[in-house]
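J.: Based on what follows, work out the 3D shape:
(one chain, ligands or ions: 1)
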Amino acid sequence: MSELHPLAWSVYDIADQIDRFKESTYPENQHWIKEGDEGLEKARLTLLGDLEAMKRQLQSPEEALSDIMYFPADLASLLIIHDLNLPQLIPPSGSISYDDLVMSHNTQTGTCVEEDPLRRIISYAITKGIFREPERGRVAHSELSLLLRDSGLFELLGVSLQELLPALLRLPDAFTSPRESIEPNETAYNIAHGTDLPMYRFLQQHPERAKRFGRAMSHGRHVDNHFLQQSFAWAKYDSPGMTIVDVGGGHGNAAAFLASSTKHMRFIVQDLDHIVAAGKAMLPAELRSRVDFTAHDFFDEQPVKGADVYLLARIMLNWSEKYCLKILRALVPALKVGAKILFYEHVFDATAEYRGNHKEKW
Ligand SMILES: C[S@@+](CC[C@H](N)C(=O)[O-])C[C@H]1O[C@@H](n2cnc3c(N)ncnc32)[C@H](O)[C@@H]1O
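T.: Numbers count the residues shown, from 1 in each chain. You can find the predicted model right below:
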């Protein structure tokens, strides 16, 4: 028997479980499953993994490889969609003719885009589920493109395409010239953006880009904060007097998420001064009594002594070992007996293997 059969049975069983859950839990017509629904998350991830495994068995190696190789074309169409601000120009409901879309773009920007290439870019994006053509000559939002009207996700797209993608394209140079460097100002980002400063310091000098970067990062985070919540016994620390220091905590998104689901523990979010200023302004009023912000460079000695937990969420990924050690050494004088240092990172298993399904609780 082919290996498809056992997978197909598993898919059937899980789909049945999910459908029954949706029927009893969700309003009518909601076809997606909310990430993080307790009890269903494991089933959802297993199903995604099984479907990916089935796809791999059904595709020839050439097909699988060309999916990877043509990915830059997807990025190019997204880049155009972003730069022309199309998600904002297409109405959230109903549709717009290509004619009107071109006119609206050209009037608002004072630049000139032609209808024919625009239509071709949109047609390509439609094949990826971004936008729809409800009738010939008119374009409307799809479920996916509608999300890009949200400013946070649109900013995340901008950061991904304009800050990070140019750096990713220079990675081969950074690996080889003259050797892979461990210094934060000799990275692919430095080559791509023509700066001698470490990325976060460079952004500090470009306040608008820094703000967009910070907001985009916070926006991308809500998706996996629930893993952070589930992967540590936070309840044990949820009593008056317990302090959690969120080192390099950005706009305080993780701290705010954790504070919303606990009652007593206090959070101190530390980051560079311009980031904490923005984070403070964004914090919901009801969390202000339990979440504080302080400017602190994590290479300097930790000023909050005797906290219960020092959280380093997605910090180490930015630094070479030399600098990770510096960050840890700066914490040591502050540690009381029993203090926890909590790392929250994406990690590879000891042995890399194909992962159709990228997300797992750990
Ligand atoms: C990838 S983000 C992670 C933010 C947050 N912990 C989270 O998980 O959403 C890395 C953070 O490190 C901060 N950072 C970079 N250099 C820093 C430094 N020297 N001292 C303190 N924070 C720094 C950045 O401003 C940024 O907010």
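
J.: Name the nearest residue to Thr294, ignoring sequence neighbours.
T.: Gln270 (5.4 Å; CB to CB, 6 or more residues apart in numbering). Backbone N, C-alpha and C define where each C-beta goes, glycine included.

J.: For the one you found, give the beta-bridge partners.
T.: Counting by DSSP bridges, Gln270 forms beta bridges with Val247, Thr294.

J.: I figured it was touching Phe298, is that so?
T.: Yes - the pair Gln270 / Phe298 is scored as a contact, 6.9 Å apart, by CB atoms under 8 Å.

J.: overlap in contacts of these two?
T.: Any residue near both Gln270 and Phe298 by CB atoms under 8 Å, 6 or more residues apart in numbering counts here, and that gives 247-248.

J.: show me what contacts the residue nearest to Thr294?
T.: Under the criterion of CB under 8 Å, 6+ apart, the contact partners of Gln270 comprise 245-249, 276, 293-296, 298, 304.

J.: Spell out which parts of the stretch 201-350 of the chain neighbour the ligand.
T.: By CB under 6 Å from any ligand atom, the residues of the stretch 201-350 of the chain that approach the ligand are 217, 221, 248-250, 253-254, 271-272, 275, 297-299, 313-315, 318.

J.: Could you rerun that using 8 Å?
T.: Residues of the stretch 201-350 of the chain lying close to the ligand by CB under 8 Å from any ligand atom are 201, 203, 214, 217-218, 221, 246-251, 253-254, 270-272, 275, 296-299, 311-315, 317-318, 344.

J.: mind checking pLDDT for the nearest residue to Glu3 once chain neighbours are set aside?
T.: Nearest residue to Glu3, sequence neighbours excluded (CB to CB, 6+ apart): Gln57, at 6.1 Å. We have a pLDDT of 90 for Gln57.

J.: what separates Glu114 from the ligand, distance-wise?
T.: 39 Å (CB to the nearest ligand atom, to the nearest Å).

J.: What pLDDT is listed against that residue?
T.: pLDDT recorded at Glu114 is 95.

J.: got any ranges where the stretch 151-300 of the chain has weak pLDDT?
T.: 220-223 (pLDDT under 70).

J.: re earlier: ok, the contacts of Gln270 vs Leu169, which is closest?
T.: Gly248 (26.3 Å; CB to CB).

J.: which residues does the spatially closest residue to that closest one that is not a sequence neighbour contact?
T.: Closest residue to Gly248 apart from its sequence neighbours, by CB to CB, 6+ apart: Ile315 at 4.4 Å. Applying CB under 8 Å, 6+ apart, we find Ile315 in contact with 247-248, 298, 327, 343.

J.: From the residues you listed, list just the buried residues.
T.: 247-248, 298, 327 (16 or more other CB atoms under 10 Å).

J.: CA atoms only: put the longest helix anywhere in the chain into PDB for me.
T.: Across the chain, the longest stretch assigned as helix under DSSP state H is helix 4-25. Extracted C-alpha coordinates of helix 4-25, given in PDB (Å, rounded to 0.1, in the frame of the first residue of the first chain):
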ATOM      1  CA  LEU A   4      -0.500   8.000   1.100                       C
ATOM      2  CA  HIS A   5      -3.200   5.800   2.700                       C
ATOM      3  CA  PRO A   6      -2.100   6.100   6.400                       C
ATOM      4  CA  LEU A   7      -1.700   9.900   5.900                       C
ATOM      5  CA  ALA A   8      -5.100  10.100   4.300                       C
ATOM      6  CA  TRP A   9      -6.700   8.300   7.300                       C
ATOM      7  CA  SER A  10      -4.900  10.500   9.700                       C
ATOM      8  CA  VAL A  11      -6.100  13.600   7.700                       C
ATOM      9  CA  TYR A  12      -9.600  12.200   7.800                       C
ATOM     10  CA  ASP A  13      -9.600  11.600  11.500                       C
ATOM     11  CA  ILE A  14      -8.200  15.000  12.400                       C
ATOM     12  CA  ALA A  15     -10.400  16.900   9.900                       C
ATOM     13  CA  ASP A  16     -13.400  15.200  11.500                       C
ATOM     14  CA  GLN A  17     -12.200  16.200  15.000                       C
ATOM     15  CA  ILE A  18     -11.700  19.800  13.900                       C
ATOM     16  CA  ASP A  19     -15.000  20.100  12.100                       C
ATOM     17  CA  ARG A  20     -16.900  18.900  15.200                       C
ATOM     18  CA  PHE A  21     -15.000  21.400  17.300                       C
ATOM     19  CA  LYS A  22     -15.800  24.200  14.900                       C
ATOM     20  CA  GLU A  23     -19.400  23.300  14.700                       C
ATOM     21  CA  SER A  24     -19.700  23.500  18.500                       C
ATOM     22  CA  THR A  25     -17.500  26.600  19.000                       C
END
